[in-house]
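**Student:** Need coordinates for the following:
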Amino acid sequence: MMRATPLVGTLTCLLLVAACASPAHQNGNAAPAGSPDPTISATTTGTPASSTPSTPSAPSAPSSPSARPSSKPTTDSLVLGPNGIGSLKLGMTLQQATATGLVRPFDTTDRCSFSFLRAAPTEQGTVTHSPTLGIAAIDVWPGIKTREGLGIGMSSAEVLRIYPAYREGVNAGYATAPGNDKAVYRIATRNGKVTALTLQFKNQDCYE
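**Tutor:** Predicted coordinates for the structure are as follows:
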């Protein structure tokens, strides 16, 4: 005669089987298995999840250097001294005078050559070259003064005050250039005013 399985034991077994077979209820918002938790703070990795590494800006190009000032001297920077004006000196050859950059090209069609200072107004600031003496004379224009302070437009009385040894000549007067016993200042006057001023060799041989 067969033994009957107790009813309680049977029911218990059925309930256990049903519980193991039923999938666990999941919230519709739950992340799939194996996905990272979106609520984890970005500080875990040290970089915000939504930020991208910033790209360093390219260095700005250096500003263009300012234009160099012109080498052409201005009237304010020029002084007529006993040996010349600026780097242009009495006695220079044509090549040496041209190399200073202070003069325009020389006209060499005559025995003596003539040019003009670049800083001078048109047709003023004549530079005279002698084939025997080199640069023999340098004329200046209003605004240029000698080292002692004489300039065109000043009075005859000021000429004598600045150069007490000044002596009148036929076409102009002359005063020895202090510091160069081979040169003189040729000073022309009219109506009691200086109208022309030239540094020249005493023995220049290009004009009277």
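
**Student:** tell me which element Ile187 falls in.
**Tutor:** Under the criterion DSSP states H and E, the helix or strand holding Ile187 is strand 183-190.

**Student:** just checking, what packs against the very next helix or strand once past that strand?
**Tutor:** Where DSSP H and E defines the elements, the next helix or strand beyond strand 183-190 is strand 193-201. If you count contacts as 3 or more C-beta pairs under 8 Å, 6 or more residues apart in numbering; DSSP states H and E, strand 193-201 packs onto strand 134-139, helix 156-162, strand 183-190. C-beta: built from backbone N, CA, C; applies to glycine.

**Student:** Contacts for strand 193-201, please.
**Tutor:** Strand 193-201 is contacted by residues 80-82, 84-85, 90-91, 128, 130, 133, 136-140, 144, 146, 150-156, 158-159, 172, 177, 182-189 when judged by C-beta atoms under 8 Å, 6 or more residues apart in numbering.

**Student:** show me the contacts for Pro121.
**Tutor:** By C-beta under 8 Å, 6+ apart, the contact set of Pro121 is Trp141.

**Student:** Thr98 in helix, strand or coil?
**Tutor:** The local conformation at Thr98, judged by DSSP: H, G, I helix; E, B strand; the rest coil, is helix.

**Student:** count of neighbours near it?
**Tutor:** 16 (other C-beta atoms under 10 Å).

**Student:** from what I can see it touches Pro105, true?
**Tutor:** Yes. Because the distance of 7.5 Å satisfies C-beta atoms under 8 Å, Thr98 is recorded as touching Pro105.
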